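K.L.:
take a look and give me a structure for this.
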Amino acid sequence: MDLTVGVLALQGDVREHRAVLASLGADVVPVRRPAELERVAGLVIPGGESSVMDKLVRGFGLQQALRERIAAGMPVYGTCAGLIMLADAVIDAIEGQESLGGLDIAVRRNAFGGQLESFETELDVPRLGAPPVHAVFIRAPVVERVGPRAEVLAALPDGRVVAVEQGPLLGTSFHPEMNGETRFHERFLDRVRTAVR
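P.N.:
Next up is the predicted model:
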């Protein structure tokens, strides 16, 4: 099956996501304009800075097109800032910051502190099976509220939620693309295949 997926390429770790998706057999398009968004069957929103990403999405005329595609059921996987962009509510958004929405969650930005508080840990993700996921957290958000439509995929030992999904939408606080972990991208591509069928 011809799988054409996009990576939102306005800011953040675009190259790493493109490499993972290509290694899994997808045809990967960098998405900066509505016309490029129309070509793809699914989208990855990478890590970066969520408030800057929000401004760029609006500046490039993508906000409404993205919201419409998400509402229509396009599979989307957001990591770190991408998770913030997919959240219905951002608890500590800067003034004027908007998200795209879609995930029935509320997130807190930079919940673990700044760059110096970045860390790595092993996470049990039952839906992905063994072994545990080696998760890299960099100025990461945390999911503070999970609504009835969203499902928790993973939490830290203290209970803080760091991975969720809801139908075709998937979000992680951490960066699987940084360390060769492909199972979240595979799960995303499975959603794309289902949507294309």
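K.L.:
which residues touch the residue most central in space within the chain?
P.N.:
For the chain, residue 78 is the residue whose C-alpha lies nearest the centre (CA atoms, centre = their mean; 0.5 Å). Contact analysis of residue 78 by CB atoms under 8 Å, 6 or more residues apart in numbering lists 44-45, 84-86, 169-172. No exception for glycine: its C-beta is placed from N, CA and C like everyone else's.
K.L.:
swap in 6 Å and give it another go.
P.N.:
Residues near residue 78 by CB atoms under 6 Å, 6 or more residues apart in numbering: 45, 85-86, 171.
K.L.:
make a markdown table out of the residues you listed and add distance to residue 192 and pLDDT.
P.N.:
Converted to a markdown table, the contacts of residue 78 look like this (distance: CB to CB, whole Å; pLDDT from 0 to 100):
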| residue | distance to residue 192 | pLDDT |
| --- | --- | --- |
| 45 | 14 | 98 |
| 85 | 18 | 97 |
| 86 | 16 | 98 |
| 171 | 16 | 98 |
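K.L.:
mind checking which of those land in helices?
P.N.:
When the contacts of residue 78 are checked against helices (DSSP state H), the matches are 85-86.
K.L.:
out of the contacts of residue 78, which are buried?
P.N.:
Among the contacts of residue 78, the ones that count as buried by 16 or more other CB atoms under 10 Å are 45, 85-86, 171.
K.L.:
ok, of the contacts of residue 78, which one's closest to residue 70?
P.N.:
Within the contacts of residue 78, the smallest distance to residue 70 is 7.6 Å, found for residue 86 (CB to CB).
K.L.:
could you point out where the protein is predicted with low confidence?
P.N.:
Residues of the chain that meet the criterion pLDDT under 70 lie in 1, 114-117.
K.L.:
ok, which stretches of it are strands?
P.N.:
Applying DSSP state E to the chain gives strands spanning 4-8, 27-31, 43-45, 76-79, 87-90, 103-108, 119-123, 133-137, 142-146, 151-155, 161-166, 169-172.
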